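what's the 3D shape of this:
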Amino acid sequence: QVQLVESGGGLVQAGGSLRLSCAASGSIASINAMGWYRQVPGKERVLVARITTDGSTDYAYSVKGRFTISRENAKNTVYLQMNSLTPEDTAVYYCNANIRRLNYRNYGEPYWGQGTQVTVSS
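Numbering: from 1, shown residues only. Below you'll find the predicted structure:
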């Protein structure tokens, strides 16, 4: 089994910062791309940022220059540093990782965390 556990969400005022963390654990052989998505009620879950094994990153246009994604491969952990937050960033943030399990299929599969609420007040 594999688990992704997120932490770091909460309530912050506009202009403030938060740092999200997501740690993967379990029977992990390797982790490929990791990323953060967000979802607001009534809308689809959308990509916020993604990072590959070698550190290449992609960001949604709306967060470029404000959010930074990083990872610590030795800890199977991905982070999202969020600065200059606005009320439009309010959402449930989900961690995603493409993980190949030990003694299982020889390719990775997507796993999701349980989500962490980020609320930005004006």
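
who's in contact with residue 52?
Taking CB atoms under 8 Å, 6 or more residues apart in numbering, we find residue 52 in contact with 32-33. The way it works is simple: take the backbone N, C-alpha and C, and place the C-beta from them, glycine included.

most remote residue from the protein's center?
In the chain, the residue that sits farthest from the middle, by CA atoms, centre = their mean, is residue 103; the gap is 25.9 Å.

Verify the contact between that residue and residue 27 for me.
Yes: applying CB atoms under 8 Å, one finds residue 103 in contact with residue 27, separated by 7.2 Å.

quick one, strands of this structure?
2-7, 10-13, 18-26, 28-39, 46-51, 57-59, 67-72, 77-82, 91-101, 109-112, 116-121 (DSSP state E).

contacting residues around the residue nearest to the spatial centre of the chain?
Of all residues in the chain, the one closest to the mean position by CA atoms, centre = their mean is residue 36, 2.7 Å from it. Contact analysis of residue 36 by CB under 8 Å, 6+ apart lists 20, 22, 47-50, 69, 78, 80, 93-96.

Residue 77 too?
Residue 77 sits next to 21-24, 71 when contact means CB under 8 Å, 6+ apart.

how does it look with 6 Å?
Contact partners of residue 77, counting by CB atoms under 6 Å, 6 or more residues apart in numbering, are residue 23.

and it, bridged to which residues?
Residue 77 has these beta-bridge partners by DSSP bridges: residue 23, residue 72.

State the distance from it to residue 19.
12 Å (CB to CB, to the nearest Å).

so residue 30 makes contact with residue 100?
Yes: checked against CB atoms under 6 Å, the pair residue 30 and residue 100 is within contact range at 4.8 Å.

quick one: contacts for residue 39?
By CB under 6 Å, 6+ apart, the contact set of residue 39 is 45, 91-92.
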